[in-house]
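Asks: let's see this in three dimensions:
(chains A and B)
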Amino acid sequence: MILPSWPDPAQPAPGCGSGTEGLMTDNRYDPETIEAWAQSRWQKERVFEVDEHDPRPPYYVLSMFPYPSGRLHMGHVRNYTIGDVMARYRRMKGFAVLQPMGFDAFGLPAENAAIQNQTSPARWTESNVATMKGQLNRLGFGYDWRREIVTCRPAYYRWEQWLFTELYRRGLAYREKAWVNWDPVDQTVLANEQVIDGRGWRSGAPVVRREVAQWFIRITAYAEELLEGLERLTGWPEEVRRMQRNWIGRSSGLEIDFERMDGKGAIRVFTTRADTIFGVTYLALAPEHPVVLEAARTDSALDGFVKNMRQREMREAAIETADRQGVPLALRVRHPLTGEALPVWAASFVLEGYGTGAIMAVPAHDARDHEFARRYGLPIRPVIHLPGEGGADPQAQALTAEGVVFDSPGLDGLDSAEARDRVREWLGARGAAQPAVRYRLRDWGVSRQRYWGCPIPMVHCPDCGTVPVPAEDLPVRLPEDVAFSGVSSPLLQDERFVATTCPNCHRPARRETDTFDTFMESSWYYARYAAYDCPDAILDERVHHWLPVDQYVGGIEHAVLHLLYARFFHKLLRDLGWVRGDEPFTRLLSQGMVLKDGAKMSKSKGNVVDPEAIIARHGADTARFFMMFAAPPDQSLEWSEQGVEGAERYLKRLWRLVDDSASSRTEGTVDPAALSAEGRQLWIRLHETIRGVSHDYGVRGTFNTAMAKLMELTNSASRFEPSAPMDRVLLDQVVRTLLVLLHPVSPHITEALWSRLGGTGLLALHPWPEADPCALEREQWEIVVQVNGKRRGILSVGRDETESEIRSRILTDAKLARHIPSEAVERWVMVPGRLVNVVLRKEESLPP
RNA sequence: GCCCAGGUGGCGAAAUCGGUAGACGCAAGGGACUUAAAAUCCUUUGGCCAUUCGGCCGUGCCGGUUCGAGUCCGGCCCUGGGCACCA
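Replies: This is a model prediction of the structure:
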C-alpha cells in the first residue's frame, strides 16, 4: 500500500498542493502539527485576502469584533467559528469572501488595568491585541488581516472625529446641559441604553441623576426611519427587531395647551387619549418642569419636593412605582373645552424627558392618575365605558381600555378612536392642540468623562464659543504618556493637551476633555474594513463593492445598543454621501451564550473554561466541531468536556476511515449502474447528504444537524464493504466528499487528509459539490402503515406501484391484516411516499 | 404588570410543509481484543406489561380541530429574555 506521506510543516507544499513531499510517515492524528501546516498553506496562498478586482461575486461575512480584554473566551470562539464556517462555505460556493477582523480597543478596563499593573492603557491594550490575534489564528479563522482595525489607533479615530465635526456643522451633534445618568463608580455619564435596571451596564453601581453639559447626537431625527426600516430587515431575527421596536417606542397623540389662569401663557401636555379629555381633573408636571422650578422659588414645600426628587437614585425611582407623590402648585389652568379651573400638581411619576414633561390627568382611565387622585383626594370622573358591560366601580379602579364615550358633550356615543379625531379637529381649529408623535428613544449622549477614549474634537474659546477642530488639524491625538493616578481623567490635568488656540481667532483656548462613548467606534467599523487603508477620507468607492454586510454574527446582548447605533450611523453616512443603501447588515445571526453547569461562564462562578487549554488538549478542529455540533447557533450551548471528547473521537474516526479505505478505494468516475445493491444505497445516501448539508449550511444555518448528517455518512462509509469494482470508486468519492463537506467546520484535518489523498489544489478553494438529481429520485420507499392512526407496520413500496396494489398488499400482509377486518374499512388515507392510514368504522374496531 | 421565546429520554439535542417521536452524540450496562489498563470495535438503552409474537402509555398540564398533533387552536403552569411610572 502506498500512501502519500505527511507534508512537513517546516517545508510547506507548493501551490499545486499534491502534498506528497515531506518527512512524516506517522499515521497518528496529531492536531498540533497538521493545524500549523494547514494554516501556513492558507497564509502562503493568500486564501483569505480579497479585493474588489476579484472576478468572483463579493460576499461580506462579519463577526462582531472583540474588546481586547486579554484572552479569548468561549463566547468569542463560538461567535467566530460560526462566522468562519459561513465564510468558508461561501468561498467554496465560489464567492470572493471578505472576512475582516479587528479590535474594539477603547474602554474603561484598560484604565483599571493600567492603574493595577503600573502600565499605560495603550501598552496594555496593544499587548492584548497581539495575544488575542495569535489565539484567533491558532483557531484557524480565515481573516484578511491586512484590513485589521484597532480603534484606539489615530488612523482610525481621526475619521470618527472628522465625522463628528461634520455632524456638528449640520446640526446633528450638539452640546447641552442635561439631566444625565451618572455612574458614581466609573465616574462617567451613561447613555440610557447603558443603564440596566437602574445600574451601570459595566460597573453595576446604582446610577444617579446629575445635570452636566453633554455632547449629543441627534438619533431622534432618525427615529421614524430606524423604526420603519425594521420592517424590511427580514434577514434579522424577529426577537431583535422587536427589541428595537420597543426601544424606539413610538406613540402618536395630541399636544394640548391648557391656558394658565394667571394669564402667563399655557402649559402644554402630551396625550394619546384625547378621547378622555372630559375626564381630566388635574394637570401633573414633572418635578424638573420649568413651571414647577419657577413656582418653587417662592414655595418652600414645593422646593423641598423638587430637591428631594432630584436626589433620588434611578433605581429607587423604578422600585417606587407604587409610591406616587406630589405637591400642588398655587396655580390653576383652564380646561380647553369646559373652561373649568383645574389644579396643577408637581408629581413624581411624570418624566421630564418624555413628551412635554406634563400630562393631563384622567384618574378614571389611567392607573397612575387614579392612584395619585385617591391619595390626594382629587376627583375621579369617568367618561368611558365598555359596551354591554356593567363594569367595575370607576372610583375603585381605573378603566384603561378603550370603549364608548359618555358624559362628554359632543362626543357621547362615539368610540375612543372617533372621539380622538373629533377632539383633534375641535382643538386644532382653535390652535389649542396639534397632532404629535413621540418616541421613547432619546438623543444619544456621547460624552464620557474618561481618559481612554477618542478625544472629542472640539475647542472651547472664550470669544468664539465652541469651535470644531478643522479637518486638516485632525486627528486630535490622545496623549499616551500620561500620569495615571485615580479615577478622574488625566486629560483634565494635562496642560499640553488642554491648552490650545482657537481655530477661529487663534487666541488661547481650551480643548474639550471628554472622550466619546466607545459605541461610537463600533458604529462604523464595518464600513471602514472595505476602505481600510484610505489615507485621505473616511471611506472611498470600495465600500460600494462590499457593503452592505451580507452576514453579520454576534451576541444578542447588542440587540439595542450596538446594532441600533450602527444602523443610525449607516444612515448618517448615507446622507453624507459615503455609502449607499439604507441598512448596514442584511442578515443577522444572534448566537446564544456558552454555558457551563447551566450558568453563563464567569470568573465569579469559577466555571470558566479557557479556550487555549482546550485547543492545546484537543486541537482547534475538535473545538470548532464541538461548538457547531452541540446546539443550534442561536440557542445557548452547554459546555461538556465529554462532548468535546466525542467530537475528537469523531475526527479520529474520520482519520482512520481515510487510512483504512486506502486499499479499497479507486479513483475514477462513479457509474451508478455498475454499483452493487449496497453500493447503490450508499450512493443515494451520499447525494442526500450533499443536499442536506448544503441546505443546513446555506439556508437553515443549523450546523448541528449538518454535523449529524456527516457523522451518519461517515458511519455508513466505515461499514461499507465494496463488492463490485465500481464500489471502490464510490468509496473514494464518498471519502473525498466527506472532507469537502466538513471543511468549513474543521478545516485543518480535512485540508491535511485532502492533501494526503492527492487532491488537487487547496480544499479551502475547492468547489462545493452538487447533489446528483438521479440519486435523489428514489425508486423504493419505506412507508408506514397505520390503522386508525396507530402505527402497525412498515411496507416497502416501489415507485410504480399503484394505490390499489398497495391496498391489496396491506390486506394480504399477515402481520398487518390481523388489525384490519376487511369489511370494516371506512376509508384509506394515502400519502404518497410517506404513509397509509386505514380508517375503520368505529364500532368494528378490533379490541387489542 | 406588558411583550416575546422556550418546556421532547439520565444529558446535549433531532423530527425542515400536520404524516414512523427520540436521528446524531454524550453517559450508562453487557461483550470482544489485552497479562492488565488505555485506546478501539460489537451490542443494549423512553416507561410499563409479556417466556415469545407482541401490546399499552409517552413530547409541561387541561381541553379542542383532524383519518392522523411535538407541530395547529383555546385555557393554564413553569423556565429564560426584553421592556417597565413613556401619559
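Asks: in the stretch 401-550 of chain A, which spans are strands?
Replies: Defined through DSSP state E, counting those that start in this stretch, the strands belonging to the stretch 401-550 of chain A, from first to last, are A:404-405, A:433-439, A:444-445, A:447-448, A:458-461, A:465-468, A:499-501, A:508-511, A:515-516, A:549-555.
Asks: other SSEs contacting the first one?
Replies: The one in question is strand A:404-405. Packing contacts for strand A:404-405, counted by 3 or more Cβ pairs under 8 Å, 6 or more residues apart in numbering; DSSP states H and E, involve strand A:384-385, helix A:416-429. Heads up, the C-betas are built off the backbone N, CA and C, glycines and all.
Asks: turn these into JSON lines, columns for mean pLDDT.
Replies: As requested, the helices and strands packed on strand A:404-405 are exported to JSON lines (pLDDT from 0 to 100):
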{"stretch": "strand A:384-385", "mean pLDDT": "88"}
{"stretch": "helix A:416-429", "mean pLDDT": "94"}
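Asks: pick the most buried one from the ones you listed.
Replies: Per-stretch averages of neighbours, counted by mean count of other Cβ atoms under 10 Å, single out strand A:384-385 among the helices and strands packed on strand A:404-405, with a mean of 22.
Asks: which strands and helices sit next to that one?
Replies: For strand A:384-385, the elements it packs on are strand A:404-405, judged by 3+ Cβ pairs under 8 Å, 6+ apart.
Asks: how far does the strand it packs on sit from its chain's centre?
Replies: Taking Cα atoms, centre = their mean, to the nearest Å, one finds the center of strand A:404-405 at 44 Å from the center of the full chain.
Asks: pull the residues that contact the helix or strand hosting A:W179.
Replies: When elements are defined using DSSP states H and E, A:W179 is found to belong to strand A:173-183. Surrounding strand A:173-183, the residues in contact under the criterion Cβ atoms under 8 Å, 6 or more residues apart in numbering are A:164, A:167-168, A:188-192, A:194-195, A:200, A:202-203, A:205, A:207-218, A:288, A:314, A:352-353, A:445-446, A:458, A:466.
Asks: and these near RNA strand B, which?
Replies: Near RNA strand B, judged by Cβ under 7 Å from any atom of the strand, the entries from the contacts of strand A:173-183 are A:G353.
Asks: which of the contacts of strand A:173-183 are buried?
Replies: The neighbour-count test (16 or more other Cβ atoms under 10 Å) marks A:164, A:167-168, A:188-192, A:194-195, A:200, A:202-203, A:205, A:207-209, A:214-218, A:288, A:314, A:352, A:445-446, A:458 as buried among the contacts of strand A:173-183.
Asks: which of the residues in the strand holding A:W179 are buried?
Replies: Of the residues in strand A:173-183, those buried under the neighbour-count criterion (16+ other Cβ under 10 Å) are A:A173, A:R175, A:A178, A:V180, A:N181, A:W182, A:D183.
Asks: just send those back as TSV, with pLDDT and distance to A:G581 too.
Replies: Supplementary listing: these in TSV, determined by pLDDT from 0 to 100; distance: Cβ to Cβ, whole Å:
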residue	pLDDT	distance to A:G581
A:A173	96	23
A:R175	94	31
A:A178	79	33
A:V180	77	34
A:N181	79	33
A:W182	81	38
A:D183	81	36
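Asks: from those residues, which is closest to A:I277?
Replies: Of all the buried residues of strand A:173-183, the one with the least separation from A:I277 (Cβ to Cβ) is A:A178, at 31.6 Å.
Asks: distance of that closest one relative to A:A213?
Replies: Here A:A178 is placed at a distance of 8 Å from A:A213 (Cβ to Cβ, to the nearest Å).
Asks: next one: A:P548
Replies: Applying Cβ to Cβ to A:P548 and A:A213 gives a distance of 36 Å.
Asks: same question, A:Q116
Replies: 31 Å.
Asks: can you check A:W639 too?
Replies: Note on A:W639: its distance to A:A213, by Cβ to Cβ, is 47 Å.
Asks: so who does A:V825 touch?
Replies: A:V838, A:V839, A:L840, A:R841.
Asks: may I have the phi/psi pair for it?
Replies: Summarising the backbone geometry of A:V825 under the convention degrees, to the nearest 10, its torsions are phi -70, psi 120.
Asks: again with A:W215
Replies: Backbone phi and psi, for A:W215 under degrees, to the nearest 10, turn out to be phi -90, psi 140.
Asks: hang on, it packs against A:C454?
Replies: No: applying Cβ atoms under 8 Å, one finds A:W215 not in contact with A:C454, separated by 11.8 Å.
Asks: quick one, domains of chain A?
Replies: Described in terms of automatic domain parsing, the domain architecture of chain A consists of the residue ranges A:46-151+A:520-591, A:157-218+A:443-516, A:250-439, A:611-776, A:780-844.
Asks: what about the fourth one, how long is it end to end?
Replies: Terminal residues of domain A:611-776 lie 41 Å apart, using Cα to Cα, to the nearest Å.
Asks: and that domain with RNA strand B, contact?
Replies: Yes: contact between domain A:611-776 and RNA strand B is present through A:629-632, A:635-638, A:640, A:642-643, A:645-647, A:649-650, A:652-653, A:692, A:695-696, A:700, A:702, A:704-705, A:707-708, A:711-712, A:715, A:718-719 (criterion: Cβ under 7 Å from any atom of the strand).
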